[in-house]
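> would you be able to build a 3D model of this:
(4 chains)
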Amino acid sequence: MALSREQMAQRIARELQDGYYVNLGIGIPTLVANYVPEGVEVMLQSENGLLGMGAFPTEAELDPDMINAGKQTVTARTGASIFDSAESFAMIRGGHVDLTVLGAFEVDVQGNIASWMIPGKLVKGMGGAMDLVAGAENIIVVMTHASKNGESKLLPRCSLPLTGAGCIKRVLTDLAYLEIENGAFVLRERAPGVSVEEIRSKTAGELVVPDEVPEMTF
Amino acid sequence: MALSREQMAQRIARELQDGYYVNLGIGIPTLVANYVPEGVEVMLQSENGLLGMGAFPTEAELDPDMINAGKQTVTARTGASIFDSAESFAMIRGGHVDLTVLGAFEVDVQGNIASWMIPGKLVKGMGGAMDLVAGAENIIVVMTHASKNGESKLLPRCSLPLTGAGCIKRVLTDLAYLEIENGAFVLRERAPGVSVEEIRSKTAGELVVPDEVPEMTF
Amino acid sequence: MAGFDKRVSTYAEALDGLQDGMTVLAGGFGLCGIPENLIAEIRRRGTRGLTVVSNNCGVDGFGLGVLLEDRQIRKMIASYVGENALFEKQLLDGDLEVELTPQGTLAEKLRAGGAGIPAFFTATGYGTPVAEGKEVREFDGRHYILEHAISGDFAIVKGWKADHYGNVVYRHTAQNFNPLAAAAGRITVVEVEEIVEPGELEPSQIHTPGIYVDRIICGTFEKRIEKRTLRG
Amino acid sequence: MAGFDKRVSTYAEALDGLQDGMTVLAGGFGLCGIPENLIAEIRRRGTRGLTVVSNNCGVDGFGLGVLLEDRQIRKMIASYVGENALFEKQLLDGDLEVELTPQGTLAEKLRAGGAGIPAFFTATGYGTPVAEGKEVREFDGRHYILEHAISGDFAIVKGWKADHYGNVVYRHTAQNFNPLAAAAGRITVVEVEEIVEPGELEPSQIHTPGIYVDRIICGTFEKRIEKRTLRG
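You can find the predicted model right below:
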């Protein structure tokens, strides 16, 4: 069965290591914070200028001067630092963030990602996404494997305007966990009960299937 | 008679305006701070990262963490700010300093300045001088009109390696105050008792002498 | 306002000299840390044909959004816009030009504008529509594009506390683009919640040194929250 | 040292991994804010063939000057050197290479190294020996030269206070090049006068956020004064 949003977040949380600085995009990536493993401590970077994002505030803590990159009110945890946007993106662009998790419309076998613009629809802007994908060494894209119409989002070549070129090495979908290597998607894990055949049928880009493709467990 | 070091500092101090941010180089420029006119307040920028340099410390105030760009112990005045060296040179390079006063070996009619390197002698480095001359709109060079051997330092073309190209518009020497315009030195003021002829004889670069060249008064 | 006393007492005075067609740099991220009274004053003045540089363009009826109502903005340079319907309409009608810029590149362009760096290379945007028409260069096997600095005729900035020298500190994440705008404005105007006595701000804790600031005004702020999100 | 507890207890541990031929970025201006114990530890380790990036090279017998005694520095990138006789001798003997860089360009190169900017244009040095071999470009009628970023294998930094997360504040003008070196080091080691409890540093007043810092050590400092100058 396809992973739920919560399971996707859970799976990604297993990539977290103690002491990681992590930037989580809007949507499923945000949920990852709820599944940080026991004994692991991470610091969340919010690109508007906050390192060490804490929980949402209580009514008493609510402060209009304290928001995250999604413009939601937040708190700062112990050990946090706050700085201007140039410093924030110096961190990001300079490769100091250990892991970036973000959504996408499409990913292709060259590691290209499209996530910000659908021609013909109103373009609202890329925000910090282009900086994040260009700056991070370690990125995981999270998205459904196929669109609602059943069209694959793992492509030989992105059809939409790019957010970044050649920067994605890992993708988690509701069906599988894949790595991008030598111009192909390598199937590393399957969602519980999802067959290699189903994944293959929904992957438009070249798919490499190793001998062993373990099922994820939750 | 040629101006004394103190008179040179005094003359330059007349260029200070209320609210000016000023960077004063080592030597005579430093003395300018002693002659700030009545009713005028200036803030001194020290390029190691201090805006609002105060007096030298008393024995009780002495603090190794509080120095100026000349590496002397100093204090900070009320209204001072302290920052890192990138921010300090952002101010300088970005043209935010209102007036920069510095010494030189040579200046020429194109506004070139040489102040940091004499070939054959050990080169110790340019420090912040190249940034200062490139960043400031408003620079006054202070130097003796001629070397000890009597050779002019106001040249058709600098003979020494440059500190900056085409950036100097005003020069105060012990003999005269001059502006650089259209490839020539324009004589604006004479030191008390110094004749136009003496100045002309000691100026190797083209000299323009207006009808009126007032004597400085002290 | 004389010498190092940069305080002005009216918003009219704060924006004296602002003219049609100028470029205005505005601090703020979303509705957080925006110079709300200075924006309102631009509206009151009716200045038109402005190029506005800001990460976002406010919402309908608040923040920079109010400048759309009388079509005062000709061009917007931002990373994320369209939180309001009027923006969308003017954009589709061709009444408004938009130059979308990645958030980090926008921050760096402003920083460069204040710091006398005319252009810099960044990997951000390489291979995307943002790179169109821009120089590409390889450094150590990676591709980068050349981006140019931004500076403005006016910067409008929201601080927390300032002294009369123009030294400013910002509160929490209301810092965001404010110090960058402050340094890149030819005339920089900062509105703050409190003007403190000289000497009260610790020199090494000042976010925006007074050298970048031309005018300081004390205001009162609504501080509207865009996405009120509470713990469950 | 695990997770966000970046404290180490010995200087040997602080510089673990430092090897011959590496590039070391050192904070400090003159003798102010220099990582004096980390420098002493480099001497103790006997690491050789180092490229050292620092505004200055200390004095005879103190600061980076001590690394000259056993010829541990192969190349120095600095804006002003030669406050000591040994430096001059090694330079004239050809035992030491020096790359003189304008102070502001040096600061900006380090800032760029930490911030993922591979190169930038600056007017500083145009028309001078510093521009030799560098690309010149005109922007708005002015000439600029292209300068490249600097980053290092290690950064050695002197802070005032830090928490175990690696958040650092600097004291007065001892800040200077320290935050720039901190951000541009692959492994950044900060020695401080005091390690404070988590939460004690105000988030918006931190000079170097912990993300740039790998190891923190608490030391005692001589803080030698180079030019003791007292009021008249």
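> if the residue nearest to the spatial centre of chain C is in a bridge, with which residues?
Taking Cα atoms, centre = their mean, the centroid of chain C lies closest to C:Ala26, which sits 2.0 Å from it. Applying DSSP bridges to C:Ala26 gives these bridge partners: C:Ile156.
> residue numbers of chain A in contact with chain D?
A:18-19, A:21, A:40-41, A:43, A:45, A:50-52, A:76, A:78-83, A:87, A:89-97, A:135 (Cβ under 8 Å from any Cβ of the partner chain). The C-beta positions use only the backbone N, C-alpha and C, and glycine is treated the same way.
> list buried residues within the residues you listed.
Buried members of the residues of chain A next to chain D, counted by 16 or more other Cβ atoms under 10 Å in any protein chain shown: A:19, A:21, A:41, A:43, A:45, A:50-52, A:76, A:79-83, A:87, A:89-97, A:135.
> list the contacts for the closest residue in space to C:Gln175 that isn't next to it in sequence?
Closest residue to C:Gln175 apart from its sequence neighbours, by Cβ to Cβ, 6 or more residues apart in numbering or on different chains: A:Asp84 at 5.2 Å. Residues in contact with A:Asp84 (Cβ atoms under 8 Å, 6 or more residues apart in numbering or on different chains) are A:Gly49, C:Ala107, C:Tyr170, C:Gln175, C:Asn176, C:Phe177, C:Asn178, C:Pro179, C:Leu180, C:His207.
> so is the fifth one in a helix, a strand, or just coil?
Here C:Asn176 takes the coil state, with states given by DSSP: H, G, I helix; E, B strand; the rest coil.
> distance of the closest residue to A:Ala104 other than its chain neighbours relative to C:Glu193?
In space, and not counting its chain neighbours, A:Ala104 is closest to A:Ser115: 4.2 Å by Cβ to Cβ, 6+ apart. Per Cβ to Cβ, to the nearest Å, A:Ser115 is found 38 Å from C:Glu193.
> more neighbours, the two?
Taking other Cβ atoms under 10 Å in any protein chain shown, A:Ser115 and C:Glu193 do not tie; A:Ser115 has more neighbours (24 against 17).
> where do the helices sit along chain C?
Remark: helices assigned in chain C by DSSP state H are C:11-14, C:36-45, C:66-69, C:85-92, C:103-115, C:178-184.
> can you tell if the fourth one touches chain A?
Yes - Helix C:85-92 is in contact with chain A by Cβ under 8 Å from any Cβ, via C:Glu88, C:Leu91, C:Leu92.
> and the last one, how many neighbours?
Under the neighbour criterion other Cβ under 10 Å, C:Leu92 is assigned a count of 10.
> try the first one
In terms of burial, C:Glu88 registers 16 neighbours under the definition other Cβ under 10 Å.
> list the buried ones in the lowest-mean-pLDDT helix or strand in chain A?
Ranking every helix and strand in chain A by mean pLDDT, DSSP states H and E puts helix A:28-31 at the bottom, with a mean of 94. Of all the residues in helix A:28-31, those buried under the rule 16+ other Cβ under 10 Å are A:Ile28, A:Pro29, A:Thr30, A:Leu31.
> helices or strands up against that helix?
Helices and strands touching helix A:28-31, by 3 or more Cβ pairs under 8 Å, 6 or more residues apart in numbering or on different chains; DSSP states H and E, are helix A:5-13, strand A:99-103.
> roughly how far is the helix or strand just after the longest one from the heart of the chain?
Towards the C-terminus, the helix or strand next in line after helix A:5-13, according to DSSP states H and E, is strand A:20-24. Taking Cα atoms, centre = their mean, to the nearest Å, the mean C-alpha location of strand A:20-24 is offset from the chain mean by 10 Å.
> output strand A:20-24 as CSV, nothing but the C-alphas.
Provided in CSV are the C-alpha atoms of strand A:20-24 (Å, rounded to 0.1, in the frame of the first residue of the first chain):
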residue,chain,number,x,y,z
TYR,A,20,22.2,17.6,12.0
TYR,A,21,21.1,21.1,10.9
VAL,A,22,18.1,20.5,8.7
ASN,A,23,15.9,22.6,6.5
LEU,A,24,12.4,21.3,6.0
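> just name the most buried of the helices of chain C.
Compared across those, helix C:178-184 shows the largest average neighbour count, a mean of 31 (mean count of other Cβ atoms under 10 Å in any protein chain shown).
> so that helix, near chain D or not?
No - contact between helix C:178-184 and chain D is absent, the nearest approach being 11.3 Å (criterion: Cβ under 8 Å from any Cβ).
> so what does that helix touch, helix or strand wise?
Using 3+ Cβ pairs under 8 Å, 6+ apart, helix C:178-184 sits against helix A:85-93, strand C:23-26, helix C:103-115, strand C:152-158, strand C:185-192.
> if we use 10 Å, what do you get?
helix A:85-93, helix B:85-93, strand C:23-26, strand C:50-53, helix C:103-115, strand C:152-158, strand C:168-169, strand C:185-192 (3 or more Cβ pairs under 10 Å, 6 or more residues apart in numbering or on different chains; DSSP states H and E).
> how about these in JSON lines, adding mean pLDDT and distance to C:Val136?
Converted to JSON lines, the helices and strands packed on helix C:178-184 look like this (pLDDT from 0 to 100; distance: least, Cβ to Cβ, whole Å):
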{"stretch": "helix A:85-93", "mean pLDDT": "98", "distance to C:Val136": "17"}
{"stretch": "helix B:85-93", "mean pLDDT": "98", "distance to C:Val136": "26"}
{"stretch": "strand C:23-26", "mean pLDDT": "98", "distance to C:Val136": "27"}
{"stretch": "strand C:50-53", "mean pLDDT": "98", "distance to C:Val136": "24"}
{"stretch": "helix C:103-115", "mean pLDDT": "98", "distance to C:Val136": "15"}
{"stretch": "strand C:152-158", "mean pLDDT": "98", "distance to C:Val136": "27"}
{"stretch": "strand C:168-169", "mean pLDDT": "98", "distance to C:Val136": "38"}
{"stretch": "strand C:185-192", "mean pLDDT": "98", "distance to C:Val136": "31"}
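> to D:His164, which of the ones you listed lies closest?
Proximity to D:His164, assessed across the helices and strands packed on helix C:178-184 by Cβ to Cβ, is greatest for helix A:85-93 (19.5 Å).
> quick one, the closest one and strand A:20-24 angle?
Relative orientation of helix A:85-93 and strand A:20-24, computed by axes from the mean of the first three to the mean of the last three Cα atoms, to 10 degrees: 110 degrees.
> tell me the angle helix A:85-93 makes with helix C:103-115.
Going by the same axes, to 10 degrees, helix A:85-93 is angled at 130 degrees with respect to helix C:103-115.
> what about the chain, any weak spots by pLDDT?
No chain was given, so I picked chain A. Counting by pLDDT under 70, chain A contains no low-confidence residues.
> the chain in question should be chain C.
Checking chain C against pLDDT under 70 turns up C:1-2.
> spell out which residues of it are next to chain D.
Contacts of chain C with chain D, taken as Cβ under 10 Å from any Cβ of the partner chain, map to C:104, C:108, C:111-112, C:115-124, C:137-140, C:142, C:144, C:146-149, C:160, C:169-175, C:202-207.
> how about a cut-off of 6 Å?
C:Ile117, C:Pro118, C:Ala119, C:Phe120, C:Phe121, C:Phe139, C:Tyr144, C:Gln205 (Cβ under 6 Å from any Cβ of the partner chain).
> what's the neighbour count on the nearest residue to the last one once chain neighbours are set aside?
The reference is to C:Gln205. Excluding its sequence neighbours, the residue lying closest to C:Gln205 (Cβ to Cβ, 6+ apart) is D:Gln205, at 5.0 Å. By other Cβ under 10 Å, the residues close to D:Gln205 number 16.
> chain B versus D:Gln205, what's the distance?
13 Å (Cβ to the nearest Cβ, to the nearest Å).
> picking up where we left off before, contacts for the least confident helix or strand of chain A next, please.
For helix A:28-31, the external contacting residues (Cβ atoms under 6 Å, 6 or more residues apart in numbering or on different chains) are A:Arg5, A:Met8, A:Ala9, A:Leu24, A:Val101, A:Leu102, A:Val142.
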